[in-house]
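Undergrad: Here you go, sequence then predicted model.
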Amino acid sequence: MLATKNFVAGSGPAVNARFAAISRPQRASRFVVAVKAMKVGEALKDSAEYYRVLKASDGKALSLASFEGKPLVLFFYPKAATPGCTKEACKFRDEYEAFTKAGAQVFGISSDSPEANKAFADSNRLPFPLLTDPSSILRKTFGIKGDLMGLLPGRQTYVFNAAGKCSVM
């Protein structure tokens, strides 16, 4: 219900304008503001998205919080099955044994559907799960900038030590 011009008999324009602003229906914003970019030395659990549940290419649902106390490697890639992303994911696949020997869990993260990520993982024999961030909320929360003047989602890798601190990006 929209507000009318005269809200209270005898009230001045300042009161009417304030009431109109309060009662006006709010539109959802199309813009998401990044809290701040993740930086070396910052803790993963300080991220607003630490407990967000993401769907994995292996059919499971998990949150980053479930890996507390373990080293984590998170690589964000723009689009499954594209040449650059395939090269990046296969490099992580080729080095996967070194990560597991160090006790680290590796995850690839994109906005692709779980089905697209599964097909990508299967076709490239990726031994680690790919996570779906459908609205790029995790990417935005980490402050990852887009490529090609913001037309493509950005590519970024983060390494967190067992204490949950970002040690490399």
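TA: Sure, I can see it.
Undergrad: And the helices in this protein, which stretches?
TA: 13-23, 83-94, 96-101, 114-123, 137-141 (DSSP state H).
Undergrad: quick one, which of those is nearest to V168?
TA: V168 lies closest, by Cβ to Cβ, to one member of these: helix 96-101, at 12.4 Å. Where you see a C-beta, it was placed from the backbone N, CA and C, and this is true even at glycine.
Undergrad: what does that closest one rub up against?
TA: Residues outside helix 96-101 that contact it (Cβ atoms under 8 Å, 6 or more residues apart in numbering): 73, 92, 105-106, 127-128.
Undergrad: before we move on, the earlier item: can you tell me which of the helices of the chain is nearest to N161?
TA: If you check each of the helices of the chain against N161 by Cβ to Cβ, helix 96-101 wins as the nearest, at 12.9 Å.
Undergrad: Only C-alpha atoms, please: export that closest one in PDB.
TA: Listed in PDB are the C-alpha atoms of helix 96-101, where the atom choice follows Å, rounded to 0.1, in the frame of the first residue of the first chain:
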ATOM      1  CA  TYR A  96      47.200 -33.100  -6.000                       C
ATOM      2  CA  GLU A  97      49.400 -35.700  -4.300                       C
ATOM      3  CA  ALA A  98      51.700 -33.000  -3.000                       C
ATOM      4  CA  PHE A  99      48.700 -31.200  -1.500                       C
ATOM      5  CA  THR A 100      47.400 -34.400   0.200                       C
ATOM      6  CA  LYS A 101      50.800 -35.300   1.600                       C
END
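Undergrad: List the buried residues for that helix?
TA: By neighbour count on 16 or more other Cβ atoms under 10 Å, the buried set for helix 96-101 is 96, 99.
Undergrad: Average pLDDT for it, rounded please.
TA: Mean pLDDT, computed over helix 96-101, is 97.
Undergrad: So what's the gap between stretch 126-144 and the chain middle?
TA: Counting by Cα atoms, centre = their mean, to the nearest Å, stretch 126-144 is centred 4 Å from the centre of its parent chain.
Undergrad: Can you list the buried residues in that stretch?
TA: 126, 128-133, 136-142, 144.
Undergrad: Same check on stretch 43-53?
TA: Applying 16+ other Cβ under 10 Å to stretch 43-53 flags 44, 47, 49-50, 52 as buried.
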